[in-house]
Each structure stands twice: as structure tokens, then as C-alpha cells.
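Visitor: no FASTA, just this:
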């Protein structure tokens, strides 16, 4: 007979640390799993997350005989529910041992928590906003995960589907190979610049990148607004992300497009593929984790990048702004010796971005899924 599974609510720093570090033990023998930065997890899951202006959350741990065997975050994004006309509770940060009863206990806990707050649907894995990791891995388990996305064991989707979850949306993730010659399509870049008054903003210093940070996230808000479960980032969130991310951007691996008024209309952010270093550092930069990560940040030695974000204002999406950015990046990649990019997850139904890189013949890498299930009326 299996020991009883007990669910406890995370309260205090000690349990929060245990919540954040549980996957380190669960995936200790998995070479393809990569931890997030621990400092980012404390920021996201702690009381100072700006998203808590419009979100509720509770963290739960599953335990057996005093040992942690699972975790999950329950989240209600009130802004998203209002925007999409839903009463949805989200589950995120879900991990569990290979035991169906543990997975069931965690999901049942989120369902009850959500139902008490009026939820009639449960979706996930989703975070507070699109800036958090989202989507359960359902294909590509054999590939090393980019450190910015979820990796999970193959039994995760099996258990969720056994619980009654079905597909809501999928994100595909592909990779591109870069040759030492630019594709022929870039011969039109000069025409685009002249016709629409667009140009690449060539940042020379980190300060110049940071100065565009707020504009970048405002472009993101406008570009992502129609997408699945997206809610616009608040000014406090934007301030937080500018402080968190822009200081570590590499000026040669980002591209900004501005119009005749020097207004940012499009951007793309890439970075070196640092998964191996982050895994060795166990997600901790300090005191010595940076020693494992630093060598992978050298773009001249690390020949793989990760595409993190791309955003184009709606009114410029048919005017070639994206072409200018990819040309600029490819030129830099040739100079730096970069040969491959692992693209960020892209919604399967977002045909504009799905077709954007077709000249590079993108190849499948991984696929992620957001699941959905109705909450029974008699749950409580």
C-alpha cells in the first residue's frame, strides 16, 4: 500500500526555497532538463512579483512520509479572465514523481482552490503572464531544453490526459541553420528602408540598449495582444523586466527597427545557448555559478543562440520590419561564427510568425501544449 500523499500550502521562505529547488532533485539524472535561474524564481513566486496587482496565487507541495514528491502553483489572472470572458484557474510550475496519484492530488488541489474563487475551467501549464514559462513538453524529449522553457518527463502529458485534460493550444519550437551567405530575399531590404522609412537602430553600448527597454516591452504589448491568454504588461512589470533583462543583452544579438521619427516599431532578442552552463550551476549565479555560465556567453565560442522574443507593431507587420531584423542578425552571426538558432516557442496557429523564417527551412525541435479541462459543478 502506497503512503498517503499530503498537500501543504507554501508559507515562508523555507518552504518557498523547497518549492523552487524540488526539480533539482527530480531531474538530477536528466541531461536535457535545465533549471531556471533561482533568483528569477524567487522574484516570480515571491510577494514582490508585480503581476500580483491583478493575479492571485497559491503554491502547494505534495509530500509523502516527510519527503517532497510534487509541486504546483495555482494562479488566477483576473485581467486575462476579464479580457477573454473566462473564469479560469491556471496551474503552473508543476512537477511530480512518476506516480499518477501524486499528479492527481496536485491538480485536484488547484481545482478546489480555483472553484472556491469561481473558476469553472482549469488551464496550464501557464504562468502569471506570457513572460513566464508555459506549455508542457509533448514532443522533443530527446533534445536538450533551452533554459528559458519548460522541460518535463514524458509521463507528465500522459497523466494529465488520463485526468481528463485535452489540448487547448500548442507551441512549436524549431531550429534554423545559418550559412555564410545571406538568403536572396535580403536584396529587398533597401527598398523596404526607402519605402517605409525604416532602419536598424545600431546600439553601440549597453546603455543604448537599456534606453530602448521600455519601448521594447510596449511593442511587445501591442504585438502580442491578440495572442492566446496574453495580458498586457503593466508599467510596474515593464520596469521590473527592463531592470532584469536589458543589462544582460548582447548588442550583437539583438535587433531594433525604428521609423523616421526614431520610434521603435520592431525588435528581436537572441542570446547564446547557455543551457549546459546553467545546468552545471544548478540555476544559481552566485557565489560560483557564474563560472560555469560565463564561457557559454561568449558568442564567438558558442555557435548556437536562442531566439527569445520577437515583436513587431501591427501596423508594420506587413512592411518588412522583420526582414530587416533577420538580415542584421544573420550578418552578425556570420561575423561571430554562429551557425544555429533555437527559436522561441511559437503558437501553432500564429501563421505570421510561423512563416517568417521559411527561407531558412526551419526544422522541428520541440513542441509544447497548454491543456484545458472543465471543472465539474459539484467540485465543492
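Guide: Right, received. Where do you want to start? No experiment lies behind these values; they were computed from the predicted model shown.

Visitor: Please enumerate the helices of the stretch 251-380 of the chain.
Guide: Secondary structure of the stretch 251-380 of the chain (DSSP state H, counting those that start in this stretch): helices at 275-281, 289-293, 321-336, 351-354.

Visitor: Same list (these) but as TSV, adding mean pLDDT and mean neighbour count.
Guide: No exception for glycine: its C-beta is placed from N, CA and C like everyone else's. Listed next are the helices of the stretch 251-380 of the chain as TSV, based on pLDDT from 0 to 100; neighbours: other CB atoms under 10 Å:
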stretch	mean pLDDT	mean neighbour count
helix 275-281	92	20
helix 289-293	86	16
helix 321-336	95	20
helix 351-354	84	14
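
Visitor: mind checking which of those helices is nearest residue 269?
Guide: Closest to residue 269 of the helices of the stretch 251-380 of the chain, according to CB to CB: helix 321-336, at 10.1 Å.

Visitor: same for the closest one, what does it pack against?
Guide: If contacts are counted by 3 or more CB pairs under 8 Å, 6 or more residues apart in numbering; DSSP states H and E, helix 321-336 sits against helix 189-196, strand 199-201, strand 254-258, strand 264-272, strand 304-312.

Visitor: Same list (these) but as CSV, adding mean neighbour count and mean pLDDT.
Guide: As requested, the helices and strands packed on helix 321-336 are exported to CSV (neighbours: other CB atoms under 10 Å; pLDDT from 0 to 100):
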stretch, mean neighbour count, mean pLDDT
helix 189-196, 14, 95
strand 199-201, 18, 96
strand 254-258, 25, 96
strand 264-272, 24, 95
strand 304-312, 22, 94
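
Visitor: Minimum distance to residue 93: which of these has it?
Guide: Distance to residue 93, taken as CB to CB, is lowest for strand 304-312 among the helices and strands packed on helix 321-336, at 19.9 Å.

Visitor: the inter-axis angle of the closest one versus strand 254-258?
Guide: For strand 304-312 against strand 254-258, the angle by axes from the mean of the first three to the mean of the last three CA atoms, to 10 degrees is 20 degrees.

Visitor: what's strand 304-312 packed up against?
Guide: Based on contacts counted as 3+ CB pairs under 8 Å, 6+ apart, the elements that strand 304-312 packs against are helix 213-224, strand 264-272, helix 321-336, strand 340-342.

Visitor: mind listing the strands for the stretch 51-200 of the chain?
Guide: Using DSSP state E, counting those that start in this stretch, the strands found in the stretch 51-200 of the chain span residues 55-64, 67-77, 88-96, 121-124, 136-139, 166-177, 199-201.

Visitor: Mind putting those into CSV with distance to residue 211?
Guide: Compiled in CSV, the strands of the stretch 51-200 of the chain are given as follows (distance: least, CB to CB, whole Å):
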stretch, distance to residue 211
strand 55-64, 29
strand 67-77, 30
strand 88-96, 32
strand 121-124, 36
strand 136-139, 36
strand 166-177, 29
strand 199-201, 10
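
Visitor: Determine which of the helices of the stretch 251-380 of the chain approaches residue 22 most closely.
Guide: Between residue 22 and those, the tightest spacing by CB to CB is seen for helix 275-281, at 16.1 Å.

Visitor: Touching the closest one from outside, list them.
Guide: Contacts to helix 275-281, defined as CB atoms under 8 Å, 6 or more residues apart in numbering, come from residues 31, 33-35, 37, 144-147, 288-297.

Visitor: Filter those residues down to the buried ones.
Guide: Applying 16 or more other CB atoms under 10 Å to these, the neighbour count classes 33-35, 37, 144-147, 289, 292-293, 296 as buried.

Visitor: Closest one to residue 61 out of those residues, please.
Guide: Closest to residue 61 out of these is residue 35 (17.6 Å), distances taken as CB to CB.

Visitor: Run a quick neighbour tally on the nearest residue to the closest one once chain neighbours are set aside.
Guide: Nearest non-adjacent residue to residue 35, counting by CB to CB, 6 or more residues apart in numbering: residue 283, 3.4 Å away. Using other CB atoms under 10 Å, residue 283 has 22 neighbouring residues.
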